[in-house]
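Student: have a look; sequence and predicted model below, questions after that.
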Amino acid sequence: MAPACRRSAPPPESLAPDSVPQRLIQRLLQGLLTPLLTLLLALGLGGCVTTGLSAAQVSPWQPVELNTRSNPLDVAFSNKSHGFLVGSNRLILETNDGGASWAERSLDLPPEENFRLISIDFKGDEGWIAGQPGLLLHSTDAGQNWNRLFLDTKLPGEPYLINATGRNAAELATNVGAIYSSTDGGNSWQAQVSDAAGAVRELRRSDDGRYVSVSGLGNFFSTWNPGQETWQLHQRVSSQRLQSMGFQPEGGLWMVARGAQLRFNPDAADPDQWGKAIIPITNGYGYMDMAWDPQGSIWTGGGNGTLLVSGDGGHSWQKDPVGSQQPTNFTRIRFTPDGKGFVLGERGALLRWIG
């Protein structure tokens with residue numbers, strides 16, 4: 001065994017009268033130099049942070065005025081031009097020009113209840129809206145009329161994510177990871193998992209019916225594939241807590257963690273394999289979402305107008321010049337199968353993809 005390390009005591013300071021002024025001068029200089037060095041270091045780091053990424057010369061995004069201070073949370077279309085935007089404070093807006101302009105709609109809901117419309121989806125003319133507390137709406141005429149479906153009071157958790165899966169068919173997930181399906185227009189629901197995943201901060205569904213959820217504290221994530229009886233738990237890959245997760249176009253997972261870290265899962269069959277952390281820029285603001293545009297570029301957005309793009313698979317990044325001008329936090333990036341795209345932000349902020 002290696003011997004324990006001992007520190008020898010420092011020699012006593014000289015008590016000679018001539019050394020007192022010298023010690024005072026040294027202490028005075030140290031007192032002045034320490035804050036000066038701290039200031040210089042802060043300025044140096046600040047310069048690295050603000051100039052770490054170049055801005056793209058042009059932007060494929062265009063701001064859209066919504067005339068609301070509510071938070072847009074989701075968007076979906078019944079056809080190429082007609083769709084709805086939903087959000088907090090009962091927000092529901094309708095467009096007939098592909099999202100270039102939006103008009104306020106109203107829903108036949110109790111005026112004393114302040115619903116949060118959190119998820120919307122269409123399959124042709126059939127649409128669904130999930131909201132909180134305990135709200136589920138169904139339309140068979142492209143959203144001209146919405147009928148409220150009353151859920152069982154024993155439903156685990158609150159509606160969080162709705163997906164239209166076919167004629168009179170939908171899949172509903174709650175904020176504790178319970179998953180239910182209906183094939184009769186929402187009159188009855190069948191449980192798809194035998195247990196819930198627990199409180200979640202994020203829940204996403206792939207086109208082929210797989211789910212990924214991030215725990216409420218961000219300390220682990222869970223996956224579920226059709227046919228499995230229970231959620232499969234997975235540990236996060238670093239000390240940074242998870243913020244959001246979703247699916248890449250080819251089926252693998254992506255991950256956003258605190259500390260502005262991005263990671264990609266190279267093998268869709270193995271959710272425990274992850275690449276190295278990518279930190280495009282450390283500006284003090286985290287990222288909330290990630291999405292792929294029709295050309296295959298990757299977009300990520302977050303606090304204080306942070307909107308970044310990578311055209312080479314995440315190796316290099318640029319700041320979007322339009323996004324950086326928006327006084328908002330970007331919370332969601334959505335691209336539809338027919339090529340429409342939207343960036344949703346707080347306090348009524350919306351960007352529309354113009355390519």
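Tutor: Right, received. Where do you want to start? Numbers count the residues shown, from 1 in each chain.
Student: may I see the buried residues of stretch 336-347?
Tutor: 336, 340, 341, 342, 343, 344, 345, 346 (16 or more other C-beta atoms under 10 Å). C-beta coordinates here come from the backbone N, C-alpha and C atoms, glycine included.
Student: show me the shaky parts of this protein.
Tutor: Within the chain, the stretches with pLDDT under 70 are 1-52.
Student: identify the bridge partners of the residue lying closest to residue 353 once chain neighbours are set aside.
Tutor: Computed as C-beta to C-beta, 6 or more residues apart in numbering, the closest residue to residue 353 that is not its neighbour in sequence is residue 341, at 3.0 Å. Beta-bridge pairing of residue 341 under DSSP bridges involves residue 335.
Student: now do residue 341 against residue 171, distance only.
Tutor: Distance, residue 341 to residue 171, using C-beta to C-beta, to the nearest Å: 24 Å.
Student: make TSV from the buried residues of stretch 336-347 and add distance to residue 68 to it.
Tutor: As requested, the buried residues of stretch 336-347 are arranged in TSV below (distance: C-beta to C-beta, whole Å):
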residue	distance to residue 68
336	22
340	20
341	20
342	15
343	16
344	12
345	12
346	11
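Student: which residues does residue 266 contact?
Tutor: Contacts here follow C-beta atoms under 8 Å, 6 or more residues apart in numbering; on that basis residue 266 touches 252, 273, 274, 275.
Student: most surrounded residue in those?
Tutor: Most neighbours among the contacts of residue 266, by other C-beta atoms under 10 Å: residue 274, with 20 neighbours.
Student: please identify which helix or strand holds it.
Tutor: Residue 274 is part of no helix or strand when elements are defined by DSSP states H and E.
Student: from residue 261, how far out is it?
Tutor: Residue 274 is 11 Å from residue 261, by C-beta to C-beta.
Student: common neighbours of those two, please.
Tutor: Joint contacts of residue 274 and residue 261 (C-beta under 8 Å, 6+ apart) are residue 255.
Student: now do stretch 124-140: distance to the chain's middle.
Tutor: 22 Å (C-alpha atoms, centre = their mean, to the nearest Å).
Student: so which bits of that stretch are buried?
Tutor: Those buried within stretch 124-140 under the rule 16+ other C-beta under 10 Å are 126-132, 134-140.
Student: stretch 91-107 too?
Tutor: 91, 92, 93, 94, 95, 98, 99, 102.
Student: now stretch 232-251
Tutor: Using 16+ other C-beta under 10 Å as the test for burial, stretch 232-251 gives 236, 237, 240, 241, 242, 243, 244, 245, 246, 247, 248.
Student: and what of stretch 106-119?
Tutor: Applying 16+ other C-beta under 10 Å to stretch 106-119 flags 109, 115, 116, 117, 118, 119 as buried.
Student: now that stretch, how far from the chain's geometric center?
Tutor: The chain centroid and the centroid of stretch 106-119 are separated by 23 Å, computed with C-alpha atoms, centre = their mean.
Student: and if you look at stretch 316-324?
Tutor: In terms of C-alpha atoms, centre = their mean, the centre of stretch 316-324 is found 17 Å from the chain centre.
Student: and the contacts of it?
Tutor: Contacts with stretch 316-324, where a contact means C-beta under 8 Å, 6+ apart, come from 53-59, 61-63, 280-281, 301, 305-310, 330, 343, 351.
Student: just the buried ones from those residues, in ChimeraX syntax?
Tutor: Buried residues within the contacts of stretch 316-324, by 16+ other C-beta under 10 Å, are selected in ChimeraX with:
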select :56,59,61,63,280,281,301,305,306,307,308,309,310,330,343,351
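Student: just the ones of the contacts of stretch 316-324 in strands?
Tutor: 61, 62, 63, 301, 307, 308, 309, 310, 330, 343, 351 (DSSP state E).
Student: which two in these are spaced the farthest apart?
Tutor: 63 and 310 (22.2 Å; C-beta to C-beta).
Student: turn the ones in strands among the contacts of stretch 316-324 into CSV, including distance to residue 186.
Tutor: Shown next, in CSV, are the ones in strands among the contacts of stretch 316-324 (distance: C-beta to C-beta, whole Å):
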residue, distance to residue 186
61, 35
62, 36
63, 36
301, 33
307, 36
308, 39
309, 39
310, 40
330, 32
343, 30
351, 33
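Student: for these, which one is nearest residue 71?
Tutor: Of the ones in strands among the contacts of stretch 316-324, the one sitting nearest to residue 71 (C-beta to C-beta) turns out to be residue 330, at 11.1 Å.
Student: give me the nearest residue to the closest one, chain neighbours excluded.
Tutor: According to C-beta to C-beta, 6+ apart, the nearest residue to residue 330 is residue 301 (3.3 Å).
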